[in-house]
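>>> Give me a model of this one.
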Amino acid sequence: MAIEAKEVQAIAHLARIQVDDAAVEGYARDLSGILDFVEQMGAVDTAGVDPMAHPFDATQRLRPDEVTEPNRRDHYQAGAPAVEAGLYLVPRVVE
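Sure, this is the predicted structure:
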């Protein structure tokens with residue numbers, strides 16, 4: 001399927017993308033190549049191919065839920081301008 005320069009400009013307008021006039025021909029050629037490849041993939045006979053399994057069917061190997069880093073909150077908050085009860089205090093933004 002061949003895409004023309006006029007169609008590339010229409011697609012760019014719909015997508016609100018600015019495309020230089022010098023690059024339109026290149027985009028038309030690239031998009032035409034992509035659509036030709038999709039047509040080739042659609043022509044493949046997949047009658048005997050089982051669908052892929054869903055990734056959520058697999059079980060995940062989980063690591064133990066253990067604390068691996070020391071609590072350094074006081075160290076990190078030492079440079080903050082205002083802290084109270086372990087929380088950073090910031091100026092009110094919404095009133």
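
>>> ok, the residue most central in space within the chain to Phe37 distance?
Nearest to the geometric centre of the chain sits Ala15, at 17.1 Å (C-alpha atoms, centre = their mean). Ala15 sits 21 Å away from Phe37 when distances are taken as C-beta to C-beta, to the nearest Å. Bear in mind the C-beta positions are built from the backbone N, C-alpha and C, glycine included.

>>> Likewise for Pro51?
The value you get for Pro51 to Phe37, if C-beta to C-beta is used, is 22 Å.

>>> the more surrounded of those two?
Phe37 (10 against 6; other C-beta atoms under 10 Å).

>>> that's a strand at the more buried one, yeah?
No. The assignment for Phe37, made by DSSP: H, G, I helix; E, B strand; the rest coil, is helix rather than a strand.

>>> Which residues does stretch 30-39 contact?
Residues from elsewhere that reach stretch 30-39, judged by C-beta atoms under 8 Å, 6 or more residues apart in numbering: 1-3, 8, 11.

>>> any idea how far Tyr27 is from Ile11?
Using C-beta to C-beta, one obtains 9 Å as the distance from Ile11 to Tyr27.

>>> These two: which has the busier surroundings?
Tyr27 (19 against 15).
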